[in-house]
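J.: Quick one: sequence and predicted model below, then my questions.
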Amino acid sequence: MRIIRIPQSSLSAFFLILAQAGWVLFSASLYAQVKRVIYQPGPGDFKYTFGQSRPVLKVRPGTIIETYTEDCYDGRVKKPGDLPTEVIPPGHDNPQTGPFYIEGAEPGDTLAVHLISLEPVRDYAISSYFPDFGILTPTKYTAMLNQPLPETVWWYQVDKKKGTVRFQSRQGNFSLELPVKPFLGCLGVAPADNEVRTTIVPEAFGGNLDSPEVRPGHTIYLPVNVKGALLFLGDGHLIQGEGEIIGTAVEAAMKVVLYVDLVKSWKIEWPRIESDEYLMSLGSYRPLEDAFRIAHRDMVDWLTTAYRLETMDAYQLLSQVGEARIAQVVDPNYTVVARIPKKYLPADGQETPHQKIRKLKL
């Protein structure tokens, strides 16, 4: 494991104060500059659960972290003929980089994680069908008499200059280039109540959300459950359809650059995302309709607390202009994203953490 700290003085300090709802952003306003740290994990440094693991690095709010994530196959699938179930050790799905201890983070606060860039580090990426996994096959919890489909691997060539991956059919000679739309399948913190969850699970702590909204340019808000928050990330995806129906995206090891900040005394129950155009709430549970309810209930709460809409008015507005995305329907909990365009929200004059971070032009 190699840890390097590199200060970056090209960005001046900024003052971040959120008056609304008692938010106070504990941020780079407290420091003379935005700092950059580089963390390069070694083969034995990845984690396979979300929980209170020993942190790999302590960072201050208002820091840029540059790091690396391994693919969901633990880097074990090295050629097209490798079957994941034969080469991945049990329990080594979705290796996580971290956790990072965020100084000053306490239960009741919220992390603001702004993704700056995601880049594939190899010239190939992988997708596959795992037996007993996926929406169109029998699983442990969807018990059927018919046998699973055959385990299958698709090998994608990555063209970094063009920003594409090439799909090649396993049967016949059909192929085409697909545009890369990179995002992190996993981003989360240590769960509450001393829980430890596997890295295939999404829930209130974040985790294996598999949402294409966890992408560069967006700010992801995560509830802090333990001192230091303990931030995990991994499972890079180059492209994925809504629902991730076969169980995997086009999976890749990634170089990740992100900015992490801390919103003091802003307590949220579920992960949230803010982009320049949207507010988004994420609900992860089963059945699918409960994930849908969680996401939309959380969005109503957000509208009432941050934009001072009365509950029934927020409910009505969301009903008419809201949008819903199904991130995935294959993990132990399903994930739904409730979205509302910001152009329909009251203009209260208060800047959000995302808007303040965007002013840094990271």
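T.: Great, that's in hand. Numbering: from 1, shown residues only.
J.: Angles on the backbone of Lys41, please.
T.: For the record, residue 41 is Pro, not Lys. Dihedral pair for Pro41: phi -70, psi 150, per degrees, to the nearest 10.
J.: list the contacts for it?
T.: By C-beta atoms under 8 Å, 6 or more residues apart in numbering, the contact list for Pro41 reads Met1, Val56, Thr67, Tyr68, Glu70, Thr97. Just so you know, the C-beta spots here come from the backbone N, C-alpha and C atoms, and that holds for glycine as well.
J.: May I see these arranged in CSV, with distance to Gly206 and neighbour count as well?
T.: Shown next, in CSV, are the contacts of Pro41 (distance: C-beta to C-beta, whole Å; neighbours: other C-beta atoms under 10 Å):
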residue, distance to Gly206, neighbour count
Met1, 24, 11
Val56, 18, 17
Thr67, 17, 20
Tyr68, 20, 16
Glu70, 18, 25
Thr97, 14, 24
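J.: and the closest residue to Leu115 other than its chain neighbours, how far is that from Phe183?
T.: Leaving aside its sequence neighbours, Leu115 sits nearest to Pro216 (C-beta to C-beta, 6 or more residues apart in numbering; 4.7 Å). To Phe183, Pro216 is 8 Å away according to C-beta to C-beta, to the nearest Å.
J.: quick one: the helices in the protein?
T.: Under the criterion DSSP state H, helices of the chain are mapped to 84-87, 288-306, 311-321, 353-358.
J.: Name the residues of the shortest one that are buried.
T.: Of the residues in helix 84-87, those buried by neighbour count under the rule 16 or more other C-beta atoms under 10 Å are Pro84.
J.: For it, give me every contacting residue.
T.: Identification of contacts with helix 84-87 by C-beta under 8 Å, 6+ apart yields Tyr73, Arg76, Val77, Lys78, Ser128, Phe130, Pro131, Glu151, Val153.
J.: at 7 Å instead, please
T.: Tyr73, Arg76, Val77, Ser128, Phe130, Glu151 (C-beta atoms under 7 Å, 6 or more residues apart in numbering).
J.: Can you tell me the number of residues neighbouring the first one?
T.: This means Tyr73. If you count neighbours by other C-beta atoms under 10 Å, Tyr73 ends up with 22.
J.: In contact with it, which residues?
T.: By C-beta under 7 Å, 6+ apart, the contact set of Tyr73 is Pro84, Ile88, Ile126, Glu251.
J.: and the nearest residue to Phe100 once chain neighbours are set aside, what does it touch?
T.: In this structure, Phe100 finds its nearest non-sequential neighbour in Leu231, 4.4 Å apart by C-beta to C-beta, 6+ apart. Shown in contact with Leu231 (C-beta under 7 Å, 6+ apart): Gly98, Pro99, Phe100, Ile102, Leu111, Val189, Val260.
J.: any low-confidence regions in the stretch 201-350 of the chain?
T.: 349 (pLDDT under 70).
J.: now do 90
T.: When residues are selected by pLDDT under 90, those of the stretch 201-350 of the chain lie in 347-350.
J.: can you pull the pLDDT of Trp29?
T.: Heads up, residue 29 is Ser, not Trp. Listed pLDDT for Ser29 reads 42.
J.: The closest residue to Pro179 other than its chain neighbours: neighbour count?
T.: Among residues not flanking Pro179 along the chain, Thr164 sits closest, at 5.9 Å (C-beta to C-beta, 6+ apart). Counted with other C-beta under 10 Å, residues neighbouring Thr164 total 18.
J.: and if you look at the one 5 residues further on?
T.: Around Ser169 sit 10 other residues, with neighbours defined as other C-beta under 10 Å.
J.: which residues touch it?
T.: Counting by C-beta under 7 Å, 6+ apart, Ser169 makes contact with Ser175.
J.: how much space is there between it and Trp154?
T.: Using C-beta to C-beta, Ser169 is found at 9 Å from Trp154.
J.: again with Gly134
T.: 13 Å.
J.: Over to Pro353?
T.: Note on Pro353: its distance to Trp154, by C-beta to C-beta, is 39 Å.
J.: what is the spatially closest residue to Asp290 that is not a sequence neighbour paired to in the beta sheet?
T.: Nearest residue to Asp290, sequence neighbours excluded (C-beta to C-beta, 6+ apart): Gly283, at 7.6 Å. Taking DSSP bridges as the rule, Gly283 bridges to Val336.
J.: Quick check, pLDDT for Val139.
T.: To be clear, residue 139 is Thr; Val isn't right here. According to the prediction, Thr139 has pLDDT 86.
J.: How much space separates the residue most central in space within the chain from Tyr278?
T.: Closest residue to the average C-alpha location of the chain: Leu187 at 3.6 Å, with C-alpha atoms, centre = their mean. In this view, Leu187 and Tyr278 are 17 Å apart by C-beta to C-beta.
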